[in-house]
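> Attaching a predicted model along with its sequence, questions to come.
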Amino acid sequence: MEPPTPATLAEDYYAILNVPRDATQEQIKTAHKQLSKLYHPDKHSTAELKQVALELFPRIQKAYEVLSDAQQRALYDAYGASGLKVGSELAPYYNSIQELRADYELQRRKREQEQELASSVPKGLISVELDARGWFRKPKRPSSSPPLDDTDAAEEGESGGSGSVVAMPALQYDPRMFGLGEMNTGSSDGNDMEDEDEYIVRDDTDEEDWDNGMEDDSDLVMEENEDDELGDMFDDEDEEQEPSLANVIGKLALSSMSIEQSLQAQPTQRDVVAVSGSVTATGQTKASAALGLRWTRAFLNGQSFTVDAAFGFSRSLQLKYQRPLPFQSTGYLKLRVAETPYRGRNLLFGAVSLGLLRRLSTNTVGYLEWQSGIQSSVKATLAYTVQKLRLTGTVEAGQHPHVDLTAAFSLTDSLKLETTGMIGLETFEIGYKVLRQVTENLELGLSLSCGPASGVIVRCEVSKLHQTYAIPLLLSDDMTTAALLYGTAIPILSYVLLGQLVIKPWLQLKEKEKVKERRRKNAALINQRRLEALAAIRLMQETVTRKIAQEEEIHGLVIRQAWYGQLVADASAASDREETCVVDVTIPLQCLVKNSRLELQATSKANMVGFYDPCLDEPKKLRVVYSFRQKLHEVVVDDQAELRIPQRQHLIQS
């Protein structure tokens, strides 16, 4: 089996004839006539040039045959060279281009469906939730006992006898820790003295209870509760510790971990089957598992029927019927039965939902849903979408009424920003999400959400080939300034540094490897096109010499130098190239000059006669230095750009 031909190597018949895509039949005939005078084998006398013309002229003739035939030209414009191959097989059976196009579309859809049937779509999610609230939790301060004034001390001294007095708040001192018996908590009659309720007083005359190495009763001191003392000691240690990586990591805790996986397949053209499963484990060593099954049956008139079943931690069954309605609308009916915790038991509850989806305009879609049951609600959604912007607003009324707003922007082709907001009767939540498409199969995501109920949560995720790896990070239970600041600034700064120091160099290295491998694979094909271009230039040589003499005589348009390919202005960058990616196209361009004018159409120049593509699937430019009225001009255009010379703006200022 032959490898597929790159799109850039496919013949561009408009470029071969150098005519615009909306060219009339008269323009096509004129261009073919001019090229035939130059490249027809009968126009050359020597056997060598005649042989070169025999190899080159069929390309020109094929381009003229396709573009001069209305049916073949329509197929070529719509589907390229592949459309011509299918059209040649089906043409005898159809009377119009419309019928041919319809059948071609049918054949294409069948091939796509066959490819979909042979493949499945696996999706997965691995989420590790971390608790980082210790980073922003303030350490406890040591509690201090209120000092005794002189009056209280005197009263305590009178009531306690001749011994020394030790006083402290009753809630911070437990005499049982020192073998002093039960704490004085007051009698049942409620007539305890106020001082006895607030302080514990000890008379030092009883020496039997104080036989633990204390020689001088006057050295008695007040001691705090042992638990508070140990706790304050550790808090003081935390305050004294300097910030370090080990200290930061030590304050992280694993909150939960979950793994989800789903697989979707299409066994027939009308049936889609999906299987999903999930396992979740929390920090309390509790685990739960769930299994989901879905089957969807599509009918010819646009109707569909879906069955969803869930087993495991929560069991449910849902039936959904959907059908198209007039006025660009779609309606559905859902019946759901699920196990729901209610007063300590799992009970079965049912719910009925009705939904309506309608396209209000080209860019606006409206959605309305009513749901009955223990969580009855009414929800209305409006979505507006343009090229780089998507706005969505949702209003829900029920047990938990709220309003949701979402705005998604495409900042660049690979960078997207999404902002969200939710406002309820008792709470609110705001957040943002940034997505960066690194490669075709690799995407990075960073999001932050905060609210009084949810706290501050940062989520980092990596998606590759339908598999997502996520790390939600709980920073704070409250919307603290420190958590919001660090949760926004540090991830964005880390992402920028990661992009500049890791992602960008890695992408450049991968691109160089891809270019090198592509050039190696296409080396033989490019060399073949190069030989064809050189052969065409040999046929042009005599004509070009004559045209240059005529233009110089009238001080007209003379192409001095022309290069096509990857033009490099920096000499150091050019020295890094392993091969030449620039082609000298001075002669082919001069051959196209007519009456001191040169016009190139807005198409790739690689398919023009005398040109070839030196670097497939890479950006290219065309640089032309020409003289007109004995003055030098210079112009550089992209490969797909139109070029018309001479122009005053191309004049080189001396």
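Nice, thanks for sending it over.
> tally of neighbours for residue 635?
17 (other C-beta atoms under 10 Å). Heads up, the C-betas are built off the backbone N, CA and C, glycines and all.
> can you start the count at 448 instead of 1 from here on
I'll keep to 448 as the first residue from here, and by that count the last item is residue 1082.
> quick one, what contacts residue 872?
Contacts for residue 872 (C-beta atoms under 8 Å, 6 or more residues apart in numbering) come out as 848, 849.
> In this protein, where is pLDDT below threshold?
448-457, 526, 528-568, 585-692, 730-732, 1015-1027, 1101 (pLDDT under 70).
> can you map out the strands along the stretch 698-847 of the chain?
Along the stretch 698-847 of the chain, counting by DSSP state E, counting those that start in this stretch, strands occupy 700-712, 718-729, 734-745, 751-759, 763-772, 776-789, 792-806, 811-818, 824-832, 836-845.
> now the ones you listed in TSV, with mean neighbour count and distance to residue 1049?
As requested, the strands of the stretch 698-847 of the chain are arranged in TSV below (neighbours: other C-beta atoms under 10 Å; distance: least, C-beta to C-beta, whole Å):
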stretch	mean neighbour count	distance to residue 1049
strand 700-712	16	42
strand 718-729	16	43
strand 734-745	15	43
strand 751-759	15	44
strand 763-772	15	41
strand 776-789	15	41
strand 792-806	14	35
strand 811-818	16	35
strand 824-832	16	30
strand 836-845	15	29
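> what's the helix or strand for residue 1007?
strand 1005-1012 (DSSP states H and E).
> circling back: would a markdown table of the strands of the stretch 698-847 of the chain with distance to residue 527 be doable?
Output for the strands of the stretch 698-847 of the chain, formatted as a markdown table (distance: least, C-beta to C-beta, whole Å):
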| stretch | distance to residue 527 |
| --- | --- |
| strand 700-712 | 32 |
| strand 718-729 | 32 |
| strand 734-745 | 31 |
| strand 751-759 | 34 |
| strand 763-772 | 34 |
| strand 776-789 | 35 |
| strand 792-806 | 32 |
| strand 811-818 | 34 |
| strand 824-832 | 30 |
| strand 836-845 | 32 |
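> which stretch among the ones you listed comes nearest residue 1001?
strand 836-845 (55.7 Å; C-beta to C-beta).
> which residues make contact with that closest one from outside it?
818, 822-832, 849-857.
> again, but for stretch 474-491
464-467, 470, 497, 499-501, 503-504, 507, 510-511, 514-515, 983, 986-987, 990, 1038, 1056.
> cool, stretch 1088-1101 as well?
If you take C-beta under 8 Å, 6+ apart as the criterion, stretch 1088-1101 is touched by 1004, 1043-1049, 1069, 1071, 1073, 1075, 1078-1082, 1084.
> Also stretch 1066-1075?
1002-1014, 1032, 1036, 1043, 1047, 1052-1053, 1060, 1079-1086, 1090, 1092-1093, 1097.
> The contacts of stretch 1088-1101, buried ones only, as a ChimeraX selection?
Buried residues among the contacts of stretch 1088-1101 (16 or more other C-beta atoms under 10 Å), as a ChimeraX selection:
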select :1004,1043,1045,1047,1048,1069,1071,1073,1075,1080,1082,1084
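> Buried ones among the contacts of stretch 474-491?
By 16+ other C-beta under 10 Å, the contacts of stretch 474-491 give 464-466, 470, 499-500, 503-504, 507, 510-511, 514, 983, 986-987, 1038, 1056 as buried.
> ok, the residue lying closest to residue 581 once chain neighbours are set aside - contacts?
Nearest residue to residue 581, sequence neighbours excluded (C-beta to C-beta, 6 or more residues apart in numbering): residue 698, at 3.4 Å. Neighbour list for residue 698: 579, 581, 582 [criterion: C-beta under 8 Å, 6+ apart].
> Return the member of those nearest to residue 919.
residue 579 (10.2 Å).
> Give me the distance between that closest one and residue 701.
11 Å (C-beta to C-beta, to the nearest Å).
> Compute the inter-axis angle for the helix ranked longest in the chain and strand 1005-1012.
Ranked by number of residues, the top helix in the chain under DSSP state H is helix 951-1000. For helix 951-1000 against strand 1005-1012, the angle by axes from the mean of the first three to the mean of the last three C-alpha atoms, to 10 degrees is 160 degrees.
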